[in-house]
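K.L.:
Build the 3D model from these lines:
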Amino acid sequence: MDQLSHCLLGVLTVRTISVSKASTFPAPATCMMITALASVFPDIDYLAFWIDPLVFLAEIHRGPTHSLILLPIWALLLGYSIALITRQSEKWRVYTILCSIGMLTHIAADLLTVYGTQILYPLSSQRFSFGITFVVDPYFSAIVFLSLVFSIRWPYRYVAICGLFCLLSYLILQTALYHQAVKVTKAYADGLDEVQSIRIIPQPLSPFNWQLVVIKKNAYHVAWVNLGTQFVTQSFWNYVLPFELASHYYDQPRLSWHFYERWGSLTEQKLTKDAWQQEQFADFRYFAQLPLLYRIDQSQAMTCVWFTDLRYVLPQITPPFRYGMCRQQQEPWHLYRLQRFSDNKRQAL
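P.N.:
Numbers count the residues shown, from 1 in each chain. Take a look at the predicted model:
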């Protein structure tokens, strides 16, 4: 989830407490500022990206700082630090509570997306995910923002509580749409052989947009559906969304399925699998739940085999995560990444 949404959600949640007349809590403005800081604190792990982007991606992000097991420790450290900085050490307990609320809302929001969160770290490295919300959801953010504005304009607990109830209703809608997308995908998968499983992935800009993935041993069948055309026409979605993106999400009668070879064509697979199995590539193998050959770059000087994760492949948009192995002729492979928003700018890792 994006930082603004994390911040707004934490502040809205604490409004259900800070607007009360309980003398144990500081002024509402102070509660909001502390909770806002705590709500973005877990993403301090982004600092690791500048040290090693792939290790950050596979092991660190949404790991230790997103753990429910470690949450009391982080909340205590941050709460006590704020108390010392503000020279109000006697309030470290209430500051710790506020930090706990902010961090808890952050973890809860991240669980809604497909990335996966290690909530049981260090006891387990398993990543948990509900996978019903895209990482940037304007409707989610708008609901939280408007609810927060109303709760400040009319400072009563029930206003903030009603805002959270509206957000919960929106998440229930997303869950219902998710299950509808599952039905569409299963109906298509029933006509295929050797299907291993299916994946349903939320898409940007609209809760009605979903990516449908049928997983086979070495291939994927992929479609992008707009379930909102059950309620309004496709022309409406083309108007409210960027046309190049919206035009790739079809209603069910016009749904178009695309076929992707996981390792490329038969002539490419020996090279592709050789690169994929390199020891240096272990972190990306761990990260990529739906690995897919992105492309192969070959020249007289160097050969590069690039991979991405199908979870982050959007129509007409360059995938954000593209990692690969490169080598000169028959020399050993070396690990690289393609930098975001670039086609050919390589970074050695």
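
K.L.:
where are the low-confidence patches of the stretch 201-349 of the chain?
P.N.:
Along the stretch 201-349 of the chain, segments meeting pLDDT under 70 span 229-246.

K.L.:
tell me the helices in it, going along the chain?
P.N.:
234-240, 243-246, 269-276, 282-287 (DSSP state H, counting those that start in this stretch).

K.L.:
Using neighbour counts, pick out the buried residues of the last one.
P.N.:
What it means is helix 282-287. For helix 282-287, a neighbour-count test (16 or more other Cβ atoms under 10 Å) marks 283-284, 287 as buried. Backbone N, C-alpha and C define where each C-beta goes, glycine included.

K.L.:
same question, stretch 71-85
P.N.:
71, 74-76, 78-80, 82-83.

K.L.:
any chance of the residues you listed in a markdown table, with pLDDT too?
P.N.:
Listed next are the buried residues of stretch 71-85 as a markdown table, based on pLDDT from 0 to 100:
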| residue | pLDDT |
| --- | --- |
| Leu71 | 97 |
| Trp74 | 97 |
| Ala75 | 97 |
| Leu76 | 97 |
| Leu78 | 97 |
| Gly79 | 95 |
| Tyr80 | 95 |
| Ile82 | 94 |
| Ala83 | 93 |
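
K.L.:
which one of those is nearest Ser247?
P.N.:
Distance to Ser247, by Cβ to Cβ, is smallest for Leu71 among those, at 42.9 Å.

K.L.:
Now do the same contact list for the closest one.
P.N.:
Each residue near Leu71 by Cβ atoms under 8 Å, 6 or more residues apart in numbering is listed here: 100, 103-104, 107.

K.L.:
out of those residues, which is most surrounded?
P.N.:
Met103 (28 neighbours; other Cβ atoms under 10 Å).

K.L.:
Which residues belonging to the helix or strand encompassing that residue are considered buried?
P.N.:
Assessed by DSSP states H and E, Met103 sits inside helix 92-111. Across helix 92-111, burial judged by 16+ other Cβ under 10 Å covers 92, 94-111.

K.L.:
Following element in sequence after it, please.
P.N.:
Helix 92-111 is succeeded, C-terminally, by helix 138-153 (DSSP H and E).

K.L.:
List the contacts of that next one.
P.N.:
Counting by Cβ under 8 Å, 6+ apart, 1-2, 4-5, 8-9, 11-12, 15, 19, 133, 159-160, 162-164, 166-167, 170, 205-207 sit against helix 138-153.
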